[in-house]
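J.: All I have is the shape, not the residue letters:
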């Protein structure tokens, strides 16, 4: 019986890092969403901007999305294969919602989009290595 060693590189750390960034991004979305829901009158509304809901509506969307992103980030961190697929979809959706949110909070949205790009890189290019460790 031949024993096969599993090849693991340092990129597994990037996958764990992506999971932790997803958890952090989820927490940030929850905080941003709660703030928008509780203080929607503080945000400045600009005419001729792309914002489909009022700020409170986007706050609820960010709140729910942040919770889902947090759970998926935790699943990615423990090496669940299904979580990588779900995480890629969620992170892409998060980046798109941040593009819509950019008229309300531009610098924050750009920072979150940059983090999302790092997460996508780690999950898409090196995500399979995390599965090796969990099996």
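T.: Looks like it came in fine. In this text, all values refer to a predicted model and were calculated from it rather than measured experimentally. Residues are numbered from 1 along each chain as shown.
J.: my read: residue 124 touches residue 88, true?
T.: Yes: Residue 124 is within contact range of residue 88, at 6.3 Å (criterion: CB atoms under 8 Å). In short, each C-beta sits where N, CA and C put it, glycine included.
J.: who has more neighbours, these two?
T.: Relative neighbour count places residue 88 above the other of residue 124 and residue 88, with 18 against 14, counting by other CB atoms under 10 Å.
J.: Now that one: closest residue in space, sequence neighbours ignored.
T.: Excluding the flanking residues, the one nearest residue 88 by CB to CB, 6 or more residues apart in numbering is residue 123, at 5.5 Å.
J.: distance of the closest residue to residue 18 other than its chain neighbours from residue 95?
T.: Nearest residue to residue 18 in three dimensions, chain neighbours excluded: residue 122, at 3.7 Å (CB to CB, 6+ apart). Note on residue 122: its distance to residue 95, by CB to CB, to the nearest Å, is 14 Å.
J.: still on that earlier bit, tell me how many other residues crowd the residue nearest to residue 18.
T.: Neighbourhood size, residue 122 [other CB under 10 Å]: 26.
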